[in-house]
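S.K.: Below: sequence and its predicted model.
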Amino acid sequence: MTDKTNLFSRVNLDVALTAMASAYGLFHLYFSTLSTLSESWRNSIHVGGALVFLFIFSAMRQKKMQGRVPLFVLALLSVSLPIYVVGMEEALFQRGDELISADLVMAALAMFLVIVAAGVSGGWVLSLLALICVFYAIYFGALLPGTLGFRGISYETFAYRMFWGGEGYFGFLSSISATFVYLFILFGSVLLAAGSGDFLMRLALAVGSRLHGGPAQAAVIASALMGSVSGTSIGNVMATGSVTIPMMKRAGYSRRFAAGVEASASNIGQIAPPVMGAGAFILSAWTQVGYGTVVALSILPALLYFYSVFVSVACYTKRAQFDLSIEKVSIKWRNCIPFLAGIAVFISGLVTGYTPVYSCCAAIVVVIASSWLTSDNQITLSRLAGVFLDTARTASVTALMLAVANVIVGILTMSGKAITFSSLIFDAAQGNVYLMVSAVILISLILGMGLPITASYVIVAAVVGSGFEEFGYSILAIHLMIYWYSQDSTVTPPVALSAFAAAGIAGSKPFATSLVSWKLSKGLYAIPLLFLSGDILFQNGIGAALVAFVAGLIGLTGLAYSLSRHTMAGPVSVVLAILLFITSVGCFLIDRMIANSAAVITFILLLLAEYLSRRDKKRLPIQDKKSEAFDV
């Protein structure tokens, strides 16, 4: 009887959650297109709803009732936040922004709920960092000497700025989460429900079957295509890796290499247009550059990263003779209709001057309608409700991470420490831009060990962004560089979340897998340097952009040849590999005259390497099929 009661309760909870998620989704769609709502009301409902969903989803994962009850209580408390904001905001204005006891209590409750929710969703490091910032602003900042000190603010002022102002839970980042981020997550979910994921996977396998890299290069193509609509790295790994990793293993690739390929290729999910990661929307709003412009300017760099992984895989696969054939797959071409129609409507909207939010909403409607033209992926009302539920599960985590990040950035801003830290780093670098870039890479890597990519980007940009402005670089170039370097923690040891996720699928050792993904993702470290010169961003004309792109292709090819010590034809000598590495790095220098000269030298060395490897190919023994040479 108890089992039946529990099953009945679980079914009722699922139905209630689905209904809530559907209402939550329709709320975002309606107030993004057909009507308007005050920013504070919209953001409080968005964050409050995210809190409710996150706590309930977490409770449902608990096996024992003792673990569920506190989470359900927190979910109920979360409902009070938007109710209070909507119901008491007018009274606050009538009091001349004077706070009452209830305001102070609700501000403390909001802080507690947001920080706990971020921790529950896996971000305890972010939660701890937020707590340190809070106590620094209110209490011990006044006790620290020199540049680390802060005179502090009263709790009343802090509560007002965090709860009612734009520097806290319902501020700038929550506005982006409530509009851009939620709707683009919904767009990706609708595309997947319409069969776009399956179609893109099959298309990639069909194309990969014609390439000498076989399954590995098919995995790179699949991840790139999937990344263009998913906007996430780990989600990309889980979606495509479940197919590509077993396929690579069957072809003879080692487990860690198969997982490393998938992890490095899936990293393109955050940087590939048109649906980039959540950080891209923040970047757009922060730099005051339209999202359509950010998307357009990200095409060439994304192609460079795709090429870097693609050519690296080709070089490593050439080092051994495996059966690289792919099982034949059938493609249902009708299933491409929702994908092509949705992307076309979205891009057309941006080109014709509509906002990204409105264009995204229009694309969502078109994808749902065109899904009925597919063979078996029609989005019915019940499937649409499931899409809303999946979106709520993903978007709630992102919303809470951004809310906590908003608290940290708000405190750094109000205390003036963002500028202080930036000045300290600038002084330590002694005006050397490459040392500044190294600091960005190091800080991003350290923060990325415990923070999500978007939160890491926001904090790094707040801390070091102004320091780069001292060099005269454009704010767009600075933020794109920081955003790209914020991706490194997903594939770089010791904590490489995408690599670890892929290792779980492959059954390989996580750390060994992260080493492979790190080597294959070298483009992630080189390409951002191109932003600072401005050439790749068309700031110096189309010709300069194309020259920088070609130089990037040459440099990435040289890095692949040198690090794998193999060309498309055969091995590369140690001396030539060293020379190639040095000149290839030079292709990405900020001084484009030197970089372009390095590209010419690298191109000559590439031709020489190809010639020598082809000449010596007949002298080399054929490697055993089961050789471990396939491990990077």
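M.R.: That came in fine, so what should we check first?

S.K.: Beyond the longest helix along the chain, next helix or strand please.
M.R.: Ranked by residue count under DSSP state H, the longest helix found in the chain is helix 381-415. Going down the chain from helix 381-415, the next helix or strand is helix 417-429, by DSSP states H and E.

S.K.: buried ones in that next one?
M.R.: For helix 417-429, burial by neighbour count (16 or more other CB atoms under 10 Å) applies to 417-422, 424-426, 429. Any C-beta I mention is one placed from the backbone N, CA and C, and that applies to glycine too.

S.K.: I'd like to check the angle between the helix or strand following it and helix 417-429, please.
M.R.: Next in sequence after helix 417-429, counting helices and strands by DSSP H and E, comes helix 433-448. Angle, helix 433-448 to helix 417-429, by axes from the mean of the first three to the mean of the last three CA atoms, to 10 degrees: 130 degrees.

S.K.: Mind listing residues that contact helix 433-448?
M.R.: With CB atoms under 8 Å, 6 or more residues apart in numbering as the test, helix 433-448 has contacts from 425-426, 428-429, 455-457, 459-460, 463-464, 467-468, 471, 481-482, 485-486, 488-490, 492, 495, 525, 528-529, 532, 590.

S.K.: switch to 7 Å and redo it
M.R.: For helix 433-448, the surrounding residues in contact (CB atoms under 7 Å, 6 or more residues apart in numbering) are 425-426, 429, 456, 459-460, 464, 467-468, 471, 482, 485-486, 488-489, 492, 525, 529, 590.

S.K.: just checking, next helix/strand downstream of it?
M.R.: Following helix 433-448 in sequence order, the next helix or strand is helix 453-469 (DSSP H and E).

S.K.: Pull out the buried residues from that next one.
M.R.: Buried residues in helix 453-469, defined by neighbour count with 16+ other CB under 10 Å: 453-468.

S.K.: I'd like the average pLDDT over it.
M.R.: For helix 453-469, mean pLDDT is 85.

S.K.: That helix - contacts with which helices or strands?
M.R.: Where contact means 3 or more CB pairs under 7 Å, 6 or more residues apart in numbering; DSSP states H and E, helix 453-469 is packed against helix 278-287, helix 381-415, helix 417-429, helix 433-448, helix 475-485.

S.K.: ok so, going back, format the buried residues of helix 417-429 as CSV; extra columns: distance to I364 and pLDDT.
M.R.: Output for those, formatted as CSV (distance: CB to CB, whole Å; pLDDT from 0 to 100):
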residue, distance to I364, pLDDT
K417, 41, 82
A418, 36, 79
I419, 40, 77
T420, 43, 81
F421, 40, 80
S422, 39, 78
L424, 45, 80
I425, 42, 81
F426, 44, 79
A429, 45, 79
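
S.K.: Can you tell me which of those residues is nearest N43?
M.R.: For the buried residues of helix 417-429, the minimum distance to N43 (CB to CB) is 22.1 Å, reached by A418.

S.K.: The closest one: what's it in contact with?
M.R.: Contacts of A418 by CB under 7 Å, 6+ apart are 412, 462-463.

S.K.: Among those, which one lies nearest to S254?
M.R.: Set against S254, the nearest of the contacts of A418 by CB to CB is V463 (39.5 Å).

S.K.: State the distance from the closest one to L74.
M.R.: 31 Å (CB to CB, to the nearest Å).

S.K.: again, but for L186
M.R.: Taking CB to CB, one finds L186 at 25 Å from L74.

S.K.: One more: I368?
M.R.: I368 is 34 Å from L74, by CB to CB.

S.K.: Could you do M401 as well?
M.R.: Note on M401: its distance to L74, by CB to CB, is 17 Å.

S.K.: who has more neighbours, the two?
M.R.: A count of neighbours by other CB atoms under 10 Å puts M401 above the other of M401 and L74, at 28 against 21.

S.K.: and that one, what does it touch?
M.R.: M401 makes contact with 118, 123, 126, 452, 454-455 under the criterion CB under 7 Å, 6+ apart.

S.K.: per-residue confidence at it?
M.R.: For M401, the model assigns a pLDDT of 89.

S.K.: Name the nearest residue to the residue most central in space within the chain, sequence neighbours excluded.
M.R.: For the chain, Q270 is the residue whose C-alpha lies nearest the centre (CA atoms, centre = their mean; 3.6 Å). Spatially, and ignoring its direct neighbours in sequence, Q270 is nearest to G277 (3.6 Å; CB to CB, 6 or more residues apart in numbering).

S.K.: repeat for L412
M.R.: Closest to L412 by CB to CB, 6+ apart is A418, at 4.1 Å.

S.K.: Compare the helices and strands packed on helix 453-469 and give me the one nearest R161.
M.R.: Nearest of these (CB to CB): helix 381-415, 6.6 Å.

S.K.: Quick check: buried residues in that closest one?
M.R.: Within helix 381-415, the residues scored as buried using 16+ other CB under 10 Å are 383-412, 414-415.

S.K.: what do you get for stretch 588-596?
M.R.: 588-590, 592, 595-596.

S.K.: again, but for stretch 575-582
M.R.: 576-577, 579-581.

S.K.: any low-confidence regions in the stretch 351-500 of the chain?
M.R.: Where the stretch 351-500 of the chain drops to pLDDT under 70, the residues are 450.

S.K.: try the stretch 151-300 of the chain
M.R.: Low-confidence segments of the stretch 151-300 of the chain, defined by pLDDT under 70: 209-210, 212-213, 230-231.

S.K.: Show me where it has its helices.
M.R.: Along the stretch 151-300 of the chain, the stretches classed as helices by DSSP state H, counting those that start in this stretch are 155-159, 172-176, 182-193, 196-208, 215-230, 233-251, 255-266, 278-287, 291-297, 299-317.

S.K.: So what touches the strand or helix carrying T602?
M.R.: In the assignment (DSSP H and E), T602 maps to helix 592-616. Residues from elsewhere that reach helix 592-616 (CB under 7 Å, 6+ apart): 533, 535, 547-548, 551, 554-555, 557-558, 561, 567-572, 576, 579-580, 583-584, 586-589.

S.K.: C-terminal to the helix or strand A21 falls within, what's the next element?
M.R.: Following DSSP H and E, one finds A21 within helix 2-33. Following helix 2-33 in sequence order, the next helix or strand is helix 39-60 (DSSP H and E).

S.K.: In the following helix or strand past that following helix, which residues are buried?
M.R.: Remark: after helix 39-60, the chain's next helix or strand is helix 65-94, criterion DSSP H and E. Under the neighbour-count criterion of 16+ other CB under 10 Å, helix 65-94 has 68, 71-72, 74-75, 77-78, 81-82, 84-86, 88, 92 buried.

S.K.: Repeat that for stretch 511-521.
M.R.: Residues 512-521 are the ones in stretch 511-521 that count as buried (16+ other CB under 10 Å).

S.K.: Using a markdown table, lay out those residues together with distance to A609.
M.R.: Converted to a markdown table, the buried residues of stretch 511-521 look like this (distance: CB to CB, whole Å):
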| residue | distance to A609 |
| --- | --- |
| A512 | 28 |
| T513 | 29 |
| S514 | 28 |
| L515 | 25 |
| V516 | 23 |
| S517 | 25 |
| W518 | 23 |
| K519 | 19 |
| L520 | 20 |
| S521 | 22 |
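
S.K.: Out of the residues you listed, which sit inside helices?
M.R.: Using DSSP H, 512-520 are the members of those that sit in helices.

S.K.: want to try TSV for those residues, with distance to I441 and pLDDT as columns?
M.R.: Listed next are those as TSV, based on distance: CB to CB, whole Å; pLDDT from 0 to 100:
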residue	distance to I441	pLDDT
A512	22	88
T513	21	89
S514	16	88
L515	17	89
V516	20	89
S517	16	89
W518	12	89
K519	16	87
L520	17	89
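
S.K.: To I542, which of the helices and strands packed on helix 453-469 lies closest?
M.R.: Across the helices and strands packed on helix 453-469, closest to I542 is helix 475-485 (CB to CB), at 17.2 Å.
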